[in-house]
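A.B. asks: pasted the sequence and its predicted model underneath.
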Amino acid sequence: MLGIVRQKMLEQSLKKIPPAVSVLRSYSSAAKQMTIRDALNSALDEEMSADSKVFLMGEEVGEYQGAYKITKGLLDKYGPERVLDTPITEAGFTGVAVGAAYYGVKPVVEFMTFNFSMQAIDHIINSAAKTNYMSSGQISVPIVFRGPNGAAAGVGAQHSQCYAAWYASCPGLKVLAPYSSEDARGLLKAAIRDPDPVVFLENELLYGESFPVSDEVLDSSFCLPIGKAKIERKGKDVTIAAYSKMVGYALKAAETLEKDGIDAEVINLRSIRPLDRSMINASVRKTSRLVTVEEAFPQHGVGAEICASIVEESFAYLDAPVERIAGADVPMPYAANLERMAVPQVEDIVRAAKRTCYRSVS
């Protein structure tokens, strides 16, 4: 009797998940190319031009034009009152920025790496994330915390951790992780316009990568909705869900799988919190298989949350156990050969997808 009741409850919950419709829309069908660096720079420039309340602060964002040249040219254009170089004190300038956001201005805080945001986590969590709730909605905190996140190359454990799951576990924050130039422009604009604190996780190794963009993406009014994923590649045999740099790896894995007759659907999560559970569940209900991919540690990760959502809402549709691909459960090694072993590779995704399709002997 209990089993029948649970099955009915499962069927009812599945009906609540809307089908993926407009999410298949692709903005980047044109041949124009733009790097992630230029996409972020142009988004900052346009939002600062449109709203005088937006200002930037962080280490080397002004005179040096950004450690990664994301803020290039903005000091000359907007002056030192809106592009503020700070001392090397994340706790200090983050606290100042959160206080400024309390008064209605819109700070964009750059961390040279999100590993350094640990110095400021009290302000990010206890001050920025919780204030709107604790003030009964009377105080909004329109602030963006942005910078490179996750593994770079040869910079060791204290510069290579992914904090997506850490920040995504905290109510009051929105957490975004762009993959393409379209993502970078559209999501950063959305983050700056949002009335709530947003953690914006970039990838250092993607800054110089070029992606196709359409005229619509280049329009100054372009903006992407927060909380909506994107199907980068349609497929019917297995769903691969990834974010940031791992989306590119997933797409390469899908090309390899296609040669073996496996049609993989690749989802670019874009938003880690809120998570687009409806799209992920709709895709899995179609393919009946799931592989999640992330650079972060496996325990309590984004992939684990996705798997929980599938088990809760689409378990009856699964034809194979879900597969989680993540970074090794160790601090990032410095040596190049060990570093490669600690970060997911394309072949890891291929093997996992084949296992879910029962096409692997191992």
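C.D. replies: All right, it came through fine.
A.B. asks: okay, now the unreliable bits of the stretch 1-150 of the chain?
C.D. replies: 1-31 (pLDDT under 70).
A.B. asks: strands along that one, start to end?
C.D. replies: With DSSP state E, counting those that start in this stretch as the criterion, the stretch 1-150 of the chain has strands at 32-35, 54-58, 83-85, 106-110, 144-148.
A.B. asks: strands paired with the first one, and their directions?
C.D. replies: In the sheet containing strand 32-35, the strands it pairs with under DSSP bridges are strand 210-213 (antiparallel).
A.B. asks: pull out the buried residues from the strand it pairs with.
C.D. replies: Buried residues in strand 210-213, defined by neighbour count with 16 or more other Cβ atoms under 10 Å: Phe211, Pro212, Val213. All C-beta atoms are positioned from the backbone trio N, CA, C, and that covers glycine.
A.B. asks: redo the strands of the stretch 1-150 of the chain as a markdown table? Include mean neighbour count and distance to Ala97.
C.D. replies: A markdown table is the format used below for these (neighbours: other Cβ atoms under 10 Å; distance: least, Cβ to Cβ, whole Å):
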| stretch | mean neighbour count | distance to Ala97 |
| --- | --- | --- |
| strand 32-35 | 16 | 27 |
| strand 54-58 | 23 | 6 |
| strand 83-85 | 20 | 9 |
| strand 106-110 | 26 | 4 |
| strand 144-148 | 25 | 8 |
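A.B. asks: ok, of the buried residues of strand 210-213, which one's closest to Phe55?
C.D. replies: Val213 (26.4 Å; Cβ to Cβ).
A.B. asks: quick one: contacts of the helix or strand Ile349 falls within?
C.D. replies: Using DSSP states H and E, Ile349 sits within helix 346-356. With Cβ atoms under 8 Å, 6 or more residues apart in numbering as the test, helix 346-356 has contacts from 238, 240, 249-250, 252-253, 256-257, 260, 262, 264, 289-291, 293, 320-323, 325, 360, 362.
A.B. asks: narrow those to those in helices?
C.D. replies: Members of the contacts of helix 346-356 lying in helices (criterion: DSSP state H): Tyr249, Ala250, Lys252, Ala253, Thr256, Leu257.
A.B. asks: tell me where the stretch 51-200 of the chain has helices.
C.D. replies: Using DSSP state H, counting those that start in this stretch, the helices found in the stretch 51-200 of the chain span residues 74-78, 90-102, 121-122, 130-134, 164-168, 181-193.
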